[in-house]
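Undergrad: the sequence and its predicted three-dimensional model are supplied below.
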Amino acid sequence: MEMCFRALCCKGPPPPRPEYDLVCIGLTGSGKTSLLSQLCSESAENIVSTTGFSIKAVPFQNAILNVKELGGADNIRKYWSRYYQGSQGVIFVLDSASSEDDLETARNELHSALQHPQLCTLPFLILANHQDKPAARSVQEIKKYFELEPLARGKRWILKPCSLDDMEAVKDSFSLLINLLEERDFEPSRM
Amino acid sequence: MKHFLRMFVQVCLYFYCKCLWRCLKFVVRKLTGRCELQRICYNTKPGAARTMKIEASLRGSKSKRLQTSVSVHPDAIEKTIDDIMELKRINPDINPQLGVSLQACLLQIVGYRNLVAEVEKLRREPYDSENPQHEEMLLKLWKCLKPNSPLKARISKQWCEIGFQGDDPKTDFRGMGLLGLYNLVYFAEWDTGIAQQVLSDSLQPKYSQFSKAEWEKKKFDKAIGYSFAIVGINITDLAYNLLVSGALKTHFYNVAPEAPTLTHFQQTFCYLMHEFHKFWIEEDPLDIMEFNRVREKFHKRILKQLQNPEMALCPHFAASE
């Protein structure tokens, strides 16, 4: 309808938004598919475990994020690095209320990603999801447990709490990531 | 200019649908002496084509009584048929077959709606480890698929052998809830031969590309890249979407002489699992990472098949006999 109106009023198409290619990783059940679906205004109610990977174009006001979302099951994580090439940013989702063992596994995966040659220079958005659960650990606890201050020094990362019932906060977190991605665009010489 | 033309065509179609089409129906009724419902029942043989045309005709009717007839309670169908015949001024003594045909169609239409509601209810019910019935079903799934291998503990890595992602299958049922479990158990219980074959195939090494010695050296999954239970839950998702979108009407209206039931849905699931497995092997993907691409291709294939009004995906389901 808007396109019709524009055509009738002889206005051109709206200026294209910049697109960025991102990769979204995290353990199974952390909430990657649900978050991305809700950002695309799709229902997250009947989402099954992601087997393999899926690509979603997530629209924001000032950018479009082409997110390659990778399944987080044990037998799929070994294929993650195959999909890192060409990424401009990373989204890491973790379940703040998971067991100690799972949190440790998440930590190991995050550290591997931070140190991977194809990802180590990229901005990271780390989402501490499932904050609505009673057993959820706070952002401070997560920052300390994941040793982000020492390990990710010199890299650009954002750690934010989130949950599916507050999508506005999730959108704000993504806006911060988009700012980091835009900054990168203007600083090719730093690479 | 292109946009303006497109808009113009849409406006014309709208007027056609609202006004011209009704005029056309009126003229045809006067010429043939029969209303649309009668013309459909006389000209189309029983099956999905007939039921779907009747459904479209009732939904598109200007009479509220006819519009709502597609969502009545099954017990009220007879009365609804009488009302429709009266509204259309059809004499049941002169047209005895019409009432019978309409009743058969309405039973299927209403049955499909109720099946959608039943399946949705099952899907919304989350798996509960505290519920003994749920736990019993889960253990039955193991026993049917691995009769010679006892489960050592309720929480154990053994679950990965039948394709769950972790040591507690509970987390894998998200999205499809109990519906996922019910379908897997039905498959394992009533189509045991095929289910065990699919499971066994999913664990086989992919010899096509490498020799056995090479396989042992590389640290790949020694499998065709398939997790039985997770794929099963994904196929439940596929079947659920086909049902809710109405795509399965072609199949159910051809296969179920009266109202389609949950058992019909589960049998359809078994068929889809088997077909998907064959399709996966045919496609020969590199590994599990290609799952979504292969699933989407399979989905399109099934949708295309269902566009044929004569289609019945699995007319003779062996396990039900």
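TA: Okay, I see it. Residues are numbered from 1 along each chain as shown, chains lettered A, B, ... in the order given.
Undergrad: ok, now which ones touch residue 102?
TA: Chain wasn't specified; assuming chain A. Counting by Cβ atoms under 8 Å, 6 or more residues apart in numbering or on different chains, A:Asp102 makes contact with A:27, A:95. Heads up, the C-betas are built off the backbone N, CA and C, glycines and all.
Undergrad: switch to chain B, please.
TA: Contacts for B:Leu102 were tallied using Cβ under 8 Å, 6+ apart; they are B:37, B:41, B:54, B:81, B:84-85.
Undergrad: from those residues, which is closest to chain A?
TA: Closest approach to chain A among the contacts of B:Leu102 (Cβ to the nearest Cβ): B:Ile54, at 30.2 Å.
Undergrad: got the contacts of B:Leu102 as CSV, with distance to chain A columns?
TA: Conversion of the contacts of B:Leu102 to CSV gives the following (distance: Cβ to the nearest Cβ, whole Å):
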residue, distance to chain A
B:Leu37, 36
B:Cys41, 37
B:Ile54, 30
B:Ile81, 36
B:Ile84, 36
B:Met85, 41
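Undergrad: can you name the next helix or strand after the helix or strand bottoming out on mean pLDDT in chain A?
TA: Per-element confidence for chain A was summarised using mean pLDDT, DSSP states H and E. The lowest value among helices and strands belongs to helix A:2-8, with a mean of 59. Next along the chain after helix A:2-8, taking DSSP states H and E as the criterion, comes strand A:19-25.
Undergrad: what strands line up against that next one, and which way round?
TA: Taking DSSP bridges as the criterion, strand A:19-25 sits next to strand A:64-70 (parallel), strand A:89-95 (parallel) in its sheet.
Undergrad: please identify the buried residues of it?
TA: For strand A:19-25, a neighbour-count test (16 or more other Cβ atoms under 10 Å in any protein chain shown) marks A:20, A:22-25 as buried.
Undergrad: same check on stretch A:169-185?
TA: Buried residues in stretch A:169-185, counted by 16+ other Cβ under 10 Å: A:170, A:173-174, A:177-178, A:180-181, A:184.
Undergrad: ok, of these, which one's closest to B:Ala312?
TA: When the buried residues of stretch A:169-185 are ranked by distance to B:Ala312 (Cβ to Cβ), A:Val170 comes first, at 45.2 Å.
Undergrad: just give the nearest non-adjacent residue to the closest one, would you?
TA: Excluding the flanking residues, the one nearest A:Val170 by Cβ to Cβ, 6 or more residues apart in numbering or on different chains is A:Cys162, at 5.0 Å.
Undergrad: the one you found and A:Glu141, how far apart?
TA: Computed with Cβ to Cβ, to the nearest Å, the distance linking A:Cys162 and A:Glu141 is 15 Å.
Undergrad: of these two, which one has the most company?
TA: The neighbour count for A:Cys162 versus A:Glu141, taken as other Cβ atoms under 10 Å in any protein chain shown, is higher for A:Cys162 (24 against 13).
Undergrad: residues contacting the more buried one?
TA: When the contact criterion is Cβ under 8 Å, 6+ apart, the partners of A:Cys162 are A:35, A:127-129, A:131, A:169-170, A:173.
Undergrad: can I get those in JSON lines including distance to B:Ser149?
TA: Formatted as JSON lines, the entries for the contacts of A:Cys162 read as follows, by distance: Cβ to Cβ, whole Å:
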{"residue": "A:Leu35", "distance to B:Ser149": "38"}
{"residue": "A:Leu127", "distance to B:Ser149": "40"}
{"residue": "A:Ala128", "distance to B:Ser149": "39"}
{"residue": "A:Asn129", "distance to B:Ser149": "36"}
{"residue": "A:Gln131", "distance to B:Ser149": "41"}
{"residue": "A:Ala169", "distance to B:Ser149": "47"}
{"residue": "A:Val170", "distance to B:Ser149": "44"}
{"residue": "A:Ser173", "distance to B:Ser149": "46"}
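Undergrad: and which of the residues you listed is nearest to B:Asp191?
TA: Within those, proximity to B:Asp191 (Cβ to Cβ) peaks at A:Leu35, which comes in at 36.6 Å.
Undergrad: please list all residues in contact with the closest one.
TA: Taking Cβ under 8 Å, 6+ apart as the criterion, A:Leu35 is in contact with A:44, A:93, A:127, A:129, A:162, A:164, A:170.
Undergrad: which pair in the residues you listed spans the largest distance?
TA: When those are compared pair by pair using Cβ to Cβ, the farthest-apart members prove to be A:Ala44 and A:Leu127, with a separation of 14.4 Å.
Undergrad: and the residue nearest to A:Val170, how far from B:Ala153?
TA: Where B:Ala153 is concerned, A:Cys162 sits at a distance of 34 Å (Cβ to Cβ).
Undergrad: circling back: which of A:Ala44 and A:Leu127 has more neighbours?
TA: Shown here are A:Ala44 and A:Leu127; by other Cβ under 10 Å, A:Leu127 has more neighbours (28 against 17).
Undergrad: pLDDT added to the buried residues of strand A:19-25, as a markdown table?
TA: Rendered in a markdown table, the data for the buried residues of strand A:19-25 read as follows (pLDDT from 0 to 100):
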| residue | pLDDT |
| --- | --- |
| A:Tyr20 | 93 |
| A:Leu22 | 95 |
| A:Val23 | 96 |
| A:Cys24 | 96 |
| A:Ile25 | 96 |
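Undergrad: tell me what the residue lying closest to A:Gln88 once chain neighbours are set aside is bridged to.
TA: Closest residue to A:Gln88 in three dimensions, ignoring its sequence neighbours and counting by Cβ to Cβ, 6+ apart: A:Tyr20, at 4.9 Å. For A:Tyr20, the beta-bridge assignment (DSSP bridges) gives partners A:Leu65.
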